[in-house]
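# Pasted the sequence and its predicted model underneath.
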There are 2 protein chains.
Amino acid sequence: MSDSPENHAFPVEDSQHWRTRAQAKLNQKTKPVGALGQLERIALDICAIQKTEAPTVDPARILVFAGDHGVAADAVSLYPKAVTAQMMANFAAGGAAINVLARAFALQLELIDVGVDADLRSIDGVTDQKIAHGCGNIRVEPAMSASELVRAMAVGAQAALRAHQAGCKSIVLGEMGIANTTAAAALLCALGVGHARELVGAGTGVTGDKLQHKIAVVEAAVARHQMAYPQSKAKPAERAGAREILADLGGFEIAALVGAMIEAASLQLVVLVDGFIATAAAHLAARIHPAARAHMIFAHEGAERGHKLALSAIGAEPILHLSLRLGEASGAALAFPLLRAACAIVNEMASFTEAGVSTAER
Amino acid sequence: MSDSPENHAFPVEDSQHWRTRAQAKLNQKTKPVGALGQLERIALDICAIQKTEAPTVDPARILVFAGDHGVAADAVSLYPKAVTAQMMANFAAGGAAINVLARAFALQLELIDVGVDADLRSIDGVTDQKIAHGCGNIRVEPAMSASELVRAMAVGAQAALRAHQAGCKSIVLGEMGIANTTAAAALLCALGVGHARELVGAGTGVTGDKLQHKIAVVEAAVARHQMAYPQSKAKPAERAGAREILADLGGFEIAALVGAMIEAASLQLVVLVDGFIATAAAHLAARIHPAARAHMIFAHEGAERGHKLALSAIGAEPILHLSLRLGEASGAALAFPLLRAACAIVNEMASFTEAGVSTAER
């Protein structure tokens, strides 16, 4: 395990080769060609990621990374910062949405404290990887140092590696952190995805004047960043720029997500990306290590204002459109059965020949 | 079990009462109000159907009704009529998409021959309820007689009742029948939902001149119907008109779906409606017995051209948008885990009080 997961060497292989083979296999199944629509696209994505005609996403592990944000002090959320720690206790006790969904769909769940502003070491079921008690207030200061960024990304990479070593074929990535839609919007602004007014949304339910205030906070954070790193504004797509953006405007749990996404690519893990914040992390992972993008499947388009734009900007075709806005990997967990189904279709459906069914007349 | 399931008496209860109670329960859960989006709407629907705050959709049974169509002789499908029977054998052997999905999601599956044009009695696993070897060619003659309609609807009602007696809480409704998108489009035209050019789609993959021919066949069928039943054109919403439309332009498997939907309403079964053909059946069930509508959840908006219009016309908010066009209840099976998840959220998530989590600041 390196402290710099983005420096791993990756084999250059032809994912199109596996996509073509999987498509040929699907076209022999007892159904009209293409009749399973997006489910077939998901199947091809998984086959390409795993370089196989016999895909499987199980066992799967949900990784929920948690961290607090200094910018929570700026009243950008309806909830007090203390809720991050309270929800970690709720996760550990099994009472949150993600617990319910993990049980319903037989998904493993690991909770990782990367930077919650409370001592959670006494809570069973939380992996203690705390880097600091919350990150800096991005409106006025960097979220973290370059050294903290490396460590936070390594926390994510290590969690992905643990899942891989436990035999998991996929990881389901989500987060918890009061005020982290503010950080995600700032990151996407700095990456050139859109303007604050397009990317800042209600989060936990901020509307009206509070939403305008949240937009102003994001604009201030991005303006501060661009003053500090003028080259980042000029060339946001450059890799060094992406790392600077992440350290300056991100958060510990977001950096961990980025590290997990990059590490997953070298492990051939399927990465199921949850909502707005995880999508912002996906942008950064893809900028820092372009090969990471091909391993990602985007679970859903949520209700958060900027999510659709962020998905579109990374070429994602989200599976579900349920107006979710919870995080915790909940949307990704809800999409997971469709990945399972896509694999089962490839592996188990009979071909026309096997079933003795007539093919289409032309 | 009556031959006329639409004549059952139904208790008049306030589904809004249960919707309100369930909403209040959801609003206490440890998440921002409404943050689970459409999943919360699904949960409220199920609570209202079951008149409970402790909803459950399991056990669940998929009912696939199969029948052949005389209009298949008019080259409206890419596949020969024989495929209906061949696919029934494939279903019975476990090789079709719906088998794979039923296994993946632990759903019961019953296959019911209502009118396949082949002797399937030797196939284990097919319930023989055959009324005739295919229905009439709707372009030139009625699909079935009034007596056959009553019997076909009773087949569906009996299947719903069997599921209920076996303890099922929900039924997942789909069909198999080469050329039945033609019948479904004709039914929806006759019901006043839209024009043939809006409602006739590719079905198994018909395009270009063949699609124009299919549109012409539907137009001819509807014109024949309106000549035979001029009052049906004048007042398509009347109940007697809906039964005439169904007998004249439907099919045995479609009539069975209608019967199942109507019977399910008296049994408080959740009805998960599959694709274009099942949605056409839902229109008829709701016209014949308006109380049936409240028990329906619409699984998906598929790729078939008329599906979006048919869903909109019945006020449906489909759960999935995956461009499916297979039938067999496959889209409904894919949506089923989300119903399960919606129930689990209501039943298992902790409240703010239980979890000791702070509520929103206002």
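Thanks, I have the structure now. Numbers count the residues shown, from 1 in each chain, chains lettered A, B, ... in the order given.
# How many residues are close by whatever residue of the stretch 201-350 of chain A ends up closest to chain B?
With Cβ to the nearest Cβ, the shortest gap between the stretch 201-350 of chain A and chain B falls at residue A:350, namely 2.8 Å. Glycine gets a C-beta too; all of them are placed from N, C-alpha and C. Other residues near residue A:350 come to 20 when the count uses other Cβ atoms under 10 Å in any protein chain shown.
# In contact with it, which residues are there?
A:29, A:30, B:90, B:93, B:95, B:96 (Cβ atoms under 8 Å, 6 or more residues apart in numbering or on different chains).
# Could you dump those residues into JSON lines and include distance to residue A:42, pLDDT and secondary structure?
As requested, the contacts of residue A:350 are arranged in JSON lines below (distance: Cβ to Cβ, whole Å; pLDDT from 0 to 100; DSSP: H, G, I helix; E, B strand; the rest coil):
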{"residue": "A:29", "distance to residue A:42": "15", "pLDDT": "97", "secondary structure": "strand"}
{"residue": "A:30", "distance to residue A:42": "19", "pLDDT": "96", "secondary structure": "coil"}
{"residue": "B:90", "distance to residue A:42": "23", "pLDDT": "97", "secondary structure": "helix"}
{"residue": "B:93", "distance to residue A:42": "25", "pLDDT": "97", "secondary structure": "helix"}
{"residue": "B:95", "distance to residue A:42": "21", "pLDDT": "97", "secondary structure": "coil"}
{"residue": "B:96", "distance to residue A:42": "19", "pLDDT": "98", "secondary structure": "coil"}
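# Show me the strands in chain A, by range?
Taking DSSP state E as the criterion, chain A carries its strands at A:60-67, A:108-115, A:126-128, A:170-176, A:270-273, A:296-298.
# if we can go back for a sec, report the two of the contacts of residue A:350 separated the most.
Spanning the widest gap among the contacts of residue A:350 are A:29 and B:93, at 13.9 Å by Cβ to Cβ.
# Who has more neighbours out of these two?
residue A:29 (25 against 16).
# Is there a neighbour count for the residue lying closest to the more buried one once chain neighbours are set aside? I'd like the number.
In space, residue A:29 comes closest to residue A:349 once its chain neighbours are excluded; the distance is 4.3 Å by Cβ to Cβ, 6 or more residues apart in numbering or on different chains. The burial metric for residue A:349, expressed as a neighbour count using other Cβ under 10 Å, is 25.
# Got phi/psi on residue A:349?
phi -70, psi 140 (degrees, to the nearest 10).
# any idea how far it lies from residue A:356?
When Cβ to Cβ, to the nearest Å is applied, the distance between residue A:349 and residue A:356 equals 14 Å.
# now residue A:78
From residue A:78 over to residue A:356 the distance is 60 Å, taken as Cβ to Cβ.
# do residue A:188 as well
In terms of Cβ to Cβ, residue A:188 sits 53 Å off from residue A:356.
# of these two, who's got more company?
Between residue A:188 and residue A:356, counted using other Cβ under 10 Å, the more crowded position is residue A:188 (30 against 13).
# Correct me if wrong: that one contacts residue A:280.
Yes - with contact defined as Cβ atoms under 8 Å, residue A:188 counts as touching residue A:280 (5.3 Å).
# what is in contact with these two at once?
Common neighbours of residue A:188 and residue A:280, counting by Cβ under 8 Å, 6+ apart, are residue A:310.
# Once you drop chain neighbours, what's closest to residue A:206?
Nearest-residue entry for residue A:206: residue A:214, 5.6 Å, with adjacent residues in sequence omitted and distances by Cβ to Cβ, 6+ apart.
# pLDDT score for the one you found?
Confidence at residue A:214, expressed as pLDDT, is 98.
# Any idea how many residues pack against it?
Counted with other Cβ under 10 Å, the neighbours of residue A:214 add up to 26.
# Identify the residues contacting it.
A:76, A:182, A:200, A:203, A:206.
# The same query, at a cut-off of 6 Å, please.
A:76, A:200, A:206 (Cβ atoms under 6 Å, 6 or more residues apart in numbering or on different chains).
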